[in-house]
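J.: Give me the fold of what follows.
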Amino acid sequence: MTALELVLALVAVCAGAIIQGLIGFGFSLVAVPVISLIEPAALPAGILMLALPMTVWMSLRERGHIDMRGFLQISFGRLFGTALGVWIVTSVPESGLSIVIGGAILVAVGLTIATPQFEAGNRTRMIAGVFSGLMGTAAAVGGPAVALAYQRQPGSVLRSTLAVSFVLGSILSLVALAIAGEAKTDDAFIALSLLPGLAVGLWLVDRLRARLDAGWLRPAVLVFATIAAVGAIGKGLL
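T.: Model prediction:
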């Protein structure tokens, strides 16, 4: 990455960390499209490595609100989704991965916008886990599927349960990608280079919570993600 590209990536990571800290998901919707345009080779493993410390921090921060039963159901489903995601990553050429990532982001945006009102049961949580594992492993965008299942839960339950699910899910995805030869040392170096942006974003979460209105923040994230996803798809088609 050039100096300018690194700055842009750091800003995207910082913004993504703030958004995820406030509404429970959104890091990947902001960071992944930008990284896919700047350094597509860093996806998905590099972003999964980068997101891991953030999800650990969020899990510990609100650990008393974790829905353990739901977490186990999501994790069970994620096992199957992870296998499908690895198959996609190993089967699609690098030039086509931008299209896969852009498409996954558009699906995630669609899931978030649709938000049909329903009470998630055991089967729904397991299905959400499958989609989270699939999209998280293939494109590092696993949050919206689980967020949809927890849309009617209090914010603290949504954030903490999503976070602990992402911790285990990211580890599963990284192990599977490493076995498949898709998680390399270069990915770790890229994640480390972007770690300052993540740290600043998490530091700012509590300081900005009272000033940022989640009512307009979520639509803004979705608009940005849609534009960036279309850009990623266009890059893959060129």
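J.: Report the separation between Val205 and Ala191.
T.: Using C-beta to C-beta, to the nearest Å, Val205 is found at 20 Å from Ala191. From N, CA and C alone the C-beta is placed, and that goes for glycine too.
J.: Show me which of the two is the more surrounded one.
T.: Ala191 (21 against 18; other C-beta atoms under 10 Å).
J.: For the more buried one, report the pLDDT, please.
T.: Ala191 is assigned a pLDDT of 94 by the prediction.
J.: That one sits in which helix or strand?
T.: helix 185-208 (DSSP states H and E).
J.: Against which helices or strands is that helix packed?
T.: helix 3-23, helix 45-61 (3 or more C-beta pairs under 8 Å, 6 or more residues apart in numbering; DSSP states H and E).
J.: Throw those into CSV and include mean pLDDT, mean neighbour count and distance to Ala147, thanks.
T.: Shown next, in CSV, are the helices and strands packed on helix 185-208 (pLDDT from 0 to 100; neighbours: other C-beta atoms under 10 Å; distance: least, C-beta to C-beta, whole Å):
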stretch, mean pLDDT, mean neighbour count, distance to Ala147
helix 3-23, 91, 20, 8
helix 45-61, 92, 22, 13
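J.: if we can go back for a sec, angle of the helix holding Ala191 against helix 45-61?
T.: If you take axes from the mean of the first three to the mean of the last three C-alpha atoms, to 10 degrees, helix 185-208 sits at 40 degrees to helix 45-61.
J.: Identify each buried residue in helix 185-208, please.
T.: Of all the residues in helix 185-208, those buried under the rule 16 or more other C-beta atoms under 10 Å are 187, 190-191, 193-195, 197-199, 201-202, 204-205.
J.: still on that earlier bit, now the helices and strands packed on helix 185-208 in CSV, with distance to Ala163?
T.: CSV is the format used below for the helices and strands packed on helix 185-208 (distance: least, C-beta to C-beta, whole Å):
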stretch, distance to Ala163
helix 3-23, 9
helix 45-61, 4
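J.: what about those, which gets the closest to Ser132?
T.: Closest to Ser132 of those is helix 45-61 (C-beta to C-beta; 12.4 Å).
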